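J.: what's the 3D shape of this:
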Amino acid sequence: MKLRYRITFLYAFLFLTTLPGCTDENRQVDTVTYNCVDCHTMNLDENHIFPCTTCHKGVLNASDKNDAHKSLIAQPGNPLHMCNICASCHSKKVKTVGDSLHFTLKKSTNLFRKSFGAVTNLDTFQQTPDPGQPKSALQLAEDLLRRRCFNCHPFNGGNNFPLTSHGTGCAACHLPFVDGSLVNHRFSKPSDEQCLSCHYGNYVGFDYYGRFEHDLNNEYRTPYTTTNEFFRPYGIEYHQLKPDIHQQKGLWCIDCHTGSELMHTGENKPSCKGCHLEKELISSPPKNIAAGKDGFVLLDTEGKLHPVPTMTDPAHFLYDQKVRCQSCHAQWTFNDTGKHFLRLDSDDFDSWSSLTTQGNVEVQTILENNIDFDKTEMKVQMQDKISGKMKVGIWLRGYSQRRWEEVLLGRDSDGKITTIRPVLDFSLSWVDKDDNVRFDSVRSHSANSGYLPYVPHTTGSAGIFYRQRIDRFLKSERSPIAK
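T.: All right, here's what the predicted structure looks like:
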């Protein structure tokens, strides 16, 4: 579809010397017509080599830009369009992904709302009510969700830091973005970079690479920041701790978390025993694990084979299957306690001058701009990530304490000993534009002080002190004072 195949050499010369790219002007040279690739460089994968209009609509062989862009769909993978565009070839996947936890966020949304008094469950985060001017703790929590927490979902392009921006809908996981721009049109299986565009900061996924977010205050972040802009690909700096053993061996996230889990309703979740207990491997092995000449092997996403060790140490059977694997094998965990969020509607940012690195583009931009008296003051507002509307006030965050050293243990719903972390220990406040305190440290309410079971992705050798970790927890249960 090169230009030289469509017009004479003379017209090509005139076009290239007078019109190097598309403009908003209506330019027409006799019967000359243009196609998408005359203005847009495309790098397609082998499964999507067909006309651009198949997905993006618009008009082929148009005489100018305006004609070519009639009825154009800029983001065909967006949830608003994927059922009509992507489903024409991938109907089964599109049908099921809409109900997946990645698309609905219903588990985390319902947990958070219930901790502030909600009594009903939502089917999707999009049903989170618009609180207007919050009059209750729940409405204040819903304002936080809609404006700060819903950056990471397939309906939104994410925070516009270099490595945290992503596409929407299908493109969120299957197309590469950097600095908010599409890198190419080569659809592929999700890489770890795409997973980390949402799973960064102190959330499961970042720990897989051994990363722990630095404290927000300038004095506790290294290297020390200066007046010059410091490059933060995830919008934050982080401590480099020990990565998960599976990451050290070269496994990607999707080598364990397959599409049948992520794009459906959460079935077929991976488990340690499913990959490392011999009888499980014999009876129902994962699709990418098979018996080899010298034992079991795993075929990873890149086509490499990895030996799969099986559970032979007697310690694995010591506690009669009443202890979750990470209780012994987690090397470290996320233990951020006392999560504080303040909605600030006024422009009194003096006390936040050392806390501008908030891990949120909107908040950071306003803070850095408005504490600089040489710059034109920006409106103190954030976007509602569901409606797209700008609303007064920004949501600032802080922590009472940030730690990773001690692996905390508790009980799960089955009564098994497992790793836990503080999840629902929130305090919300609101200061309006007249500096009136509307809400002051409204606390979330949940069992066990907000501590919930979770699976840290910091797997490693249990070492020689695993039994002390378990025994110390059992002793604390018998004598709470011992904690």
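
J.: does Val297 belong to a helix or a strand, and which?
T.: strand 295-299 (DSSP states H and E).

J.: Can you give me the domain boundaries for this structure?
T.: 3-68, 101-246, 329-482 (automatic domain parsing).

J.: ok, of these, where does mean pLDDT dip lowest?
T.: Lowest mean pLDDT within the domains of the chain: domain 3-68, at a mean of 66.

J.: what packs against the very next helix or strand once past the strand holding Val297?
T.: Sequence order places strand 305-308 as the next helix or strand after strand 295-299, per DSSP H and E. Packing contacts for strand 305-308, counted by 3 or more Cβ pairs under 8 Å, 6 or more residues apart in numbering; DSSP states H and E, involve strand 289-292, strand 295-299. Every residue, glycine included, has its C-beta placed from N, CA and C.

J.: three-state assignment of Ser441?
T.: Following DSSP: H, G, I helix; E, B strand; the rest coil, the label given to Ser441 is strand.

J.: what's the neighbour count on Gly303?
T.: Per other Cβ atoms under 10 Å, the neighbour tally for Gly303 reads 6.

J.: Please report how far it lies from Asn288.
T.: 11 Å (Cβ to Cβ, to the nearest Å).

J.: quick one: buried residues of stretch 144-164?
T.: For stretch 144-164, burial by neighbour count (16 or more other Cβ atoms under 10 Å) applies to 144-161, 163-164.

J.: Stretch 243-261 too?
T.: 243-244, 246-247, 251-259, 261.

J.: again, but for stretch 232-246
T.: 232, 234-238, 243-244, 246.

J.: now, among those residues, which is nearest to Asn66?
T.: Checking the buried residues of stretch 232-246 against Asn66 by Cβ to Cβ gives Gly235 as the nearest, at 37.6 Å.

J.: Quick check: the gap between the closest one and Phe161.
T.: The gap separating Gly235 from Phe161 is 4 Å, by Cβ to Cβ.

J.: Look up the residues that both of these two are in contact with.
T.: Residues touching both Gly235 and Phe161 by Cβ atoms under 8 Å, 6 or more residues apart in numbering: Val361.

J.: Tell me where the stretch 151-300 of the chain has helices.
T.: Secondary structure of the stretch 151-300 of the chain (DSSP state H, counting those that start in this stretch): helices at 171-174, 192-196, 245-248, 253-256, 259-262, 272-276, 278-283.

J.: neighbours around Ser400, how many?
T.: Around Ser400 there are 12 residues (other Cβ under 10 Å).

J.: what comes up buried for the strand or helix carrying it?
T.: Assigning secondary structure by DSSP H and E places Ser400 in strand 394-403. Across strand 394-403, burial judged by 16+ other Cβ under 10 Å covers 394-399, 402.

J.: Now the element after that strand, going C-ward?
T.: Assigned by DSSP H and E, the successor of strand 394-403 is strand 409-411.

J.: Which neighbouring elements make contact with the helix or strand where Asp143 lies?
T.: Taking DSSP H and E as the criterion, Asp143 maps to helix 137-147. Where contact means 3+ Cβ pairs under 8 Å, 6+ apart, helix 137-147 is packed against helix 106-115, strand 335-344, strand 394-403, strand 426-431, strand 437-443.

J.: Right, I'll leave it there.
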